[in-house]
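Undergrad: give me the fold of what follows.
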Amino acid sequence: MRYAETTAVDGLSLTVERGTVTAVLGPNGAGKTTTLETCEGYRRPQQGSVRVLGLDPRAQARELLPRIGVMLQEGGAWSGARAPEMLRHIASLHAHPIDPAVLEERLGLAECGRTAYRRLSGGQKQRLSLAMALIGRPEVVFVDEPTAGLDPAARRTVWELFEELRRDGVTVVLTTHYMDEAEKLADRIHIIDHGRLIASGSPLELTRGGTVSTIRLVVTKPFPPEAPASLAAALGDRIEVVLLDELSLLVTGPADASTLARVSDWCERSGVLPESLTLGTRNLEDVFLELTGRGLKESA
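TA: Numbering: from 1, shown residues only. Okay, here's the model as predicted:
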């Protein structure tokens, strides 16, 4: 998929297994939303093919649409409609919908009362959009940033809903800017950058089982260019050193207290002043930063 001179999705190839929760992660501008919108049938790929439940989302939309649910990043409801009205209307479009009252109670929509959609808070709009995506009992649900703007309690409720959907055999495909959300919910994670797939696996696989320790070194002034190679040489072959940004390094490997002491000694010998030196286990955020060189919320 190209927009003028920009290639938003570049030969991306991935598969989502039925009955799983799959997270598609990437920095802003990586092509996540374009990918989901192509799967949902809103966009036609300029090259390549897409199949959802074995169907072409554009050519066979009539057969596919009753079987999927879509939660857009924003919008999807009439500005003057009230939440219960909107939900009942969407229910009326499906053959065997969930009782709107059930979703209203579960997602706290009763509190919206007689307030028009345009006057709802961001979190209320998110909850209504999710309810609209689920009310038709879909086989596949596409959700774009499902918990953005939600308070912790509402976020937990959404997580529980996704786990219930998986147990019921529903496939959930989501994008999120929250690493803990992806680690908590996803059976499989696809990381994309500049429209290309750069890594796939379960959270456990991507973090190497969580058995590898890390040391995150944050300094007060930018590292000199030779810092990663110099530190790697000081620590030995079994340790990997990655420059995350100009002020932070990630040391990965069988790190322990003695490794921490060697890093501290290297800082003293190299004239580097640490702001923080933290020993921990490698997490999904560490993997993401190593692969993309950018945080999840940074723009392309």
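Undergrad: and after the helix or strand encompassing residue 133, which helix or strand comes next?
TA: Per DSSP states H and E, residue 133 falls inside helix 122-134. Next helix or strand after helix 122-134 toward the C-terminus (DSSP H and E): strand 140-144.
Undergrad: helices and strands around that following strand, which ones?
TA: helix 32-40, strand 68-71, helix 122-134, strand 171-175 (3 or more C-beta pairs under 8 Å, 6 or more residues apart in numbering; DSSP states H and E). Heads up, the C-betas are built off the backbone N, CA and C, glycines and all.
Undergrad: coming back round to it: contacts for the helix holding residue 133?
TA: 69-72, 74, 76-77, 83, 86-87, 90, 98, 100, 103-104, 107-109, 111-112, 115, 117, 120, 141-143, 146-151, 154, 158, 161, 165 (C-beta atoms under 8 Å, 6 or more residues apart in numbering).
Undergrad: buried ones in that helix?
TA: Neighbour counts over helix 122-134 (16 or more other C-beta atoms under 10 Å) mark 123, 124, 125, 126, 127, 128, 129, 130, 131, 132, 133, 134 as buried.
Undergrad: need those residues in CSV (columns: pLDDT).
TA: Shown next, in CSV, are these (pLDDT from 0 to 100):
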residue, pLDDT
123, 90
124, 92
125, 93
126, 92
127, 94
128, 95
129, 95
130, 95
131, 96
132, 96
133, 96
134, 97
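Undergrad: still on that earlier bit, now do the helix holding residue 133 against strand 140-144, angle only.
TA: Counting by axes from the mean of the first three to the mean of the last three C-alpha atoms, to 10 degrees, helix 122-134 lies at 160 degrees to strand 140-144.
Undergrad: ok, back up a step: okay, and which of the contacts of helix 122-134 map to helices?
TA: Counted as lying in helices by DSSP state H, out of the contacts of helix 122-134, are 83, 86, 87, 90, 100, 103, 104, 154, 158, 161, 165.
Undergrad: was I right about the fifth one contacting residue 89?
TA: Meaning residue 100. No: assessed by C-beta atoms under 8 Å, residue 100 is found out of contact with residue 89, at 9.4 Å.
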